[in-house]
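# Dropping a prediction and its sequence here:
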Amino acid sequence: MNSSGESLVVIGEAFFRVGLVGKMVGLFYISEPFCTFSEPQKFPV
């Protein structure tokens, strides 16, 4: 918390991980037909 550089690295890593998850989820839903959402409650709008 005392150095701003460390917090920026943590924030950057968090955004990087979210980006990877977003790409994986996006590819999964693009490859899946829209009529086969098994559990939509996992992804609230």
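Looks like it arrived, so ask away.
# For the chain, which residues score under the pLDDT cut-off?
1-2, 31-45 (pLDDT under 70).
# Can you show me the helices along it?
Along the chain, counting by DSSP state H, helices occupy 4-31.
# OK, contacts around Val10?
Taking CB atoms under 8 Å, 6 or more residues apart in numbering as the criterion, Val10 is in contact with no other residue. Where you see a C-beta, it was placed from the backbone N, CA and C, and this is true even at glycine.
# what's the spacing between it and Leu27?
Using CB to CB, to the nearest Å, one gets 26 Å for the distance from Val10 to Leu27.
# And Val18, how close does it get to Ser3?
The span separating Val18 from Ser3 equals 23 Å under the rule CB to CB.
# Then Lys23?
Plainly put, Lys23 is 30 Å away from Ser3 if you go by CB to CB.
# Kindly report the same for Phe16.
20 Å.
# what's the neighbour count on Gly5?
Neighbourhood size, Gly5 [other CB atoms under 10 Å]: 7.
# should've said Arg17
Arg17 has 10 neighbouring residues, counting by other CB under 10 Å.
# Tell me who's in contact with it.
Residues near Arg17 by CB under 8 Å, 6+ apart: none.
# cool, Gly22 as well?
By CB under 8 Å, 6+ apart, no residues touch Gly22.
# Offset the numbering so it begins at 836, please.
Done: numbering now begins at 836, and the last item shifts to Gly857.
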